[in-house]
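Novice: 3D model of this:
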Amino acid sequence: MQAKWSCVLLARTRVVVATQCIFLFVLIAVGFRASVHGQDSNHRKILSRVNPEYPDTLRMAQIGGLVRLSVTVSPGGMVTQAEIRGGNPILAEKAQQAVMKWRFAAGPAQTVEEIRISFSPH
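Specialist: Below is the predicted model:
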């Protein structure tokens, strides 16, 4: 009799653990999706945005991902520096080149903006 209850308890535990794993996966997927699409800066409004070139070889090979940059913006809104913080090196270089052409709203001082750019082969 005790073996039967052990089996039932084990089965219930597996169901609970599986449910929790699925729940965590959904939370992570939704959170990741939101961060991928959140490309705007933290402080200064982007007035002019240039889309990065997506190399055909990477697109055809289904290689994509998220590139993170720290962008230094002058008081006048010009990008003076774009430092790569993460992502595929080739995509990061293309994102860096594009972000250097962006224009931000003027501000009272130089700021550093955190930018995320998503490359999706689909």
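
Novice: Domains of this structure: list them as residue ranges, please.
Specialist: The chain breaks down into these domains under automatic domain parsing: 1-37, 41-119.

Novice: pretty sure Gln81 is in contact with Thr72, am I right?
Specialist: Yes - in this structure, Gln81 is within contact of Thr72 by C-beta atoms under 8 Å, at 4.1 Å. Glycine gets a C-beta too; all of them are placed from N, C-alpha and C.

Novice: what's stretch 43-53 in contact with?
Specialist: 40, 73, 77, 91, 94-95, 97-99, 101-105, 107, 111, 113, 117, 119 (C-beta atoms under 8 Å, 6 or more residues apart in numbering).

Novice: 6 Å - rerun?
Specialist: 73, 94-95, 98, 101-105, 107, 111 (C-beta atoms under 6 Å, 6 or more residues apart in numbering).

Novice: rewinding a little: now tell me which of the domains of the chain the model trusts least on average.
Specialist: Per-stretch mean pLDDT for the domains of the chain is lowest at domain 1-37 (a mean of 46).

Novice: contacting residues around Gly76?
Specialist: Neighbours of Gly76 in contact, by C-beta under 6 Å, 6+ apart: Ala106.

Novice: same deal with Thr72?
Specialist: 80-81, 112.

Novice: Repeat that for Gly65.
Specialist: Gly65 neighbours (C-beta under 6 Å, 6+ apart): 87-88, 119.

Novice: before we move on, back to that, tell me the one of the contacts of Thr72 nearest Arg59?
Specialist: Gln81 (27.8 Å; C-beta to C-beta).

Novice: Tell me which stretches of this structure form helices.
Specialist: With DSSP state H as the criterion, the chain has helices at 2-37, 56-60, 89-99.

Novice: sorry, back to before: what about the contacts of stretch 43-53, which are in strands?
Specialist: 73, 103-104, 111 (DSSP state E).

Novice: Appreciated, that's everything.
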